[in-house]
Every structure is written in structure tokens, then in C-alpha cells.
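Peer 1: take this sequence and fold it.
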Amino acid sequence: MRRLAALAAVVFWGLSFVASKAALRELTPTTLVFARWPGRAGPIALLAARRIAASGACAVPMLLLPGSTRVPAPDAAGARLAP
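Peer 2: Model (predicted):
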């Protein structure tokens, strides 16, 4: 069973190079990167959302919330304000 899985991995890896070569004949490298990104990020985001929901943790990362970093804003002279 392990050999079959290894063979499948090698075939899949090799086909990805063939597919990339074919795609680069039609698209620029930048377009190809931006076209491939949602296809990779979407499933990862769904898996992460399921894990977060199953764990009961907060679904919004703290860095996305305004004011969560607690870094004071500089005043007009460039000095830091008191917290």
C-alpha cells in the first residue's frame, strides 16, 4: 500500500509540472499565481474554520480587531502618547 501511495505521489508531482508548462503557454506567470491562489487557500480556510468551530475558540484573530495590538499612535511631533 505504501508503494502505491508513493507512486501516486510521484505521478501527481510529475503531472503538476506538465500542467504548469501548458498553463504558462497561455498565461503569464503572475496571472497563473493569482489564478492558483484561491484554489489552494479556499480549502485551507474551510478546514481552519471547521477546526476553530470544533474547538470553541474565538473565530476572529485578535490582530484583525481594531485596537487589539495596544500600540499608541504617535502625536504630530512624532513622540509617543502616553498609553
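Peer 1: just the helices in the chain please.
Peer 2: 2-26, 29-55 (DSSP state H).
Peer 1: can I get those helices in a markdown table including mean neighbour count?
Peer 2: Backbone N, C-alpha and C define where each C-beta goes, glycine included. Listed next are the helices of the chain as a markdown table, based on neighbours: other Cβ atoms under 10 Å:
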| stretch | mean neighbour count |
| --- | --- |
| helix 2-26 | 9 |
| helix 29-55 | 10 |
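Peer 1: format those helices as a markdown table; extra columns: mean pLDDT.
Peer 2: Output for those, formatted as a markdown table (pLDDT from 0 to 100):
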| stretch | mean pLDDT |
| --- | --- |
| helix 2-26 | 92 |
| helix 29-55 | 82 |
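Peer 1: residue 27: how many residues sit nearby?
Peer 2: Residue crowding around residue 27 was assessed by other Cβ atoms under 10 Å; the count is 14.
Peer 1: enumerate every residue touching it.
Peer 2: Taking Cβ atoms under 8 Å, 6 or more residues apart in numbering, we find residue 27 in contact with residue 35.
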